[in-house]
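**Q** Just to be clear, the model below is a prediction. Sequence and coordinates:
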Amino acid sequence: MADKKEKVGFFGSIKNFFSNLGKRFKDIKSEMKKIVWPTKAQVINNTLVVIAVSVIAAIVIFGLDTVFGFIVRLIYQNV
């Protein structure tokens with residue numbers, strides 16, 4: 001009979017939640033210690049890569065927009 005879970009009422013489930021709250025915070029603290037945080041140099045490098053890729057993407061989109069706009073203007077001028 002130890003395998004069966006007891007039915008716990010509303011207040012019992014609240015009591016269980018708060019009784020396990022301390023354990024949950026300890027587990028979170030333990031998991032936070034396992035995180036490998038990037039170094040300042042890595043953060044700067046990654047930021048520069050993101051900025052460079054964003055600028056390149058903006059230039060490509062601008063170029064495509066200009067070319068397609070020019071083509072559309074040519075089509076509408078001849079219609």
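**A** That came through fine.

**Q** And the most centrally placed residue in the chain, how far from V43?
**A** With distances taken as CA atoms, centre = their mean, V50 lies nearest the centre of the chain, 15.0 Å away. Counting by CB to CB, to the nearest Å, the gap from V50 to V43 is 11 Å. Using the backbone N, CA and C atoms, a C-beta is placed for each residue, glycine as well.

**Q** which residues do the two both contact?
**A** When CB atoms under 8 Å, 6 or more residues apart in numbering defines a contact, no residue borders V50 and V43 alike.

**Q** Which helix or strand contains the residue nearest to the centre of the chain?
**A** Counting by DSSP states H and E, the element that carries V50 is helix 40-77.

**Q** separation between the residue nearest to the centre of the chain and I56?
**A** 11 Å.

**Q** Let's see stretch 45-61 as CSV, backbone CA atoms only.
**A** Output of stretch 45-61 as CSV, limited to C-alpha atoms (Å, rounded to 0.1, in the frame of the first residue of the first chain):
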residue,chain,number,x,y,z
ASN,A,45,33.6,39.3,-29.3
ASN,A,46,30.1,37.9,-29.6
THR,A,47,28.6,41.4,-29.5
LEU,A,48,30.9,42.5,-32.3
VAL,A,49,29.9,39.5,-34.4
VAL,A,50,26.2,40.2,-33.9
ILE,A,51,26.7,43.9,-34.9
ALA,A,52,28.7,42.9,-38.0
VAL,A,53,26.2,40.3,-39.1
SER,A,54,23.3,42.8,-38.5
VAL,A,55,25.1,45.5,-40.6
ILE,A,56,25.8,43.0,-43.4
ALA,A,57,22.2,41.8,-43.4
ALA,A,58,21.0,45.4,-43.5
ILE,A,59,23.2,46.2,-46.5
VAL,A,60,22.0,43.1,-48.4
ILE,A,61,18.4,43.9,-47.7
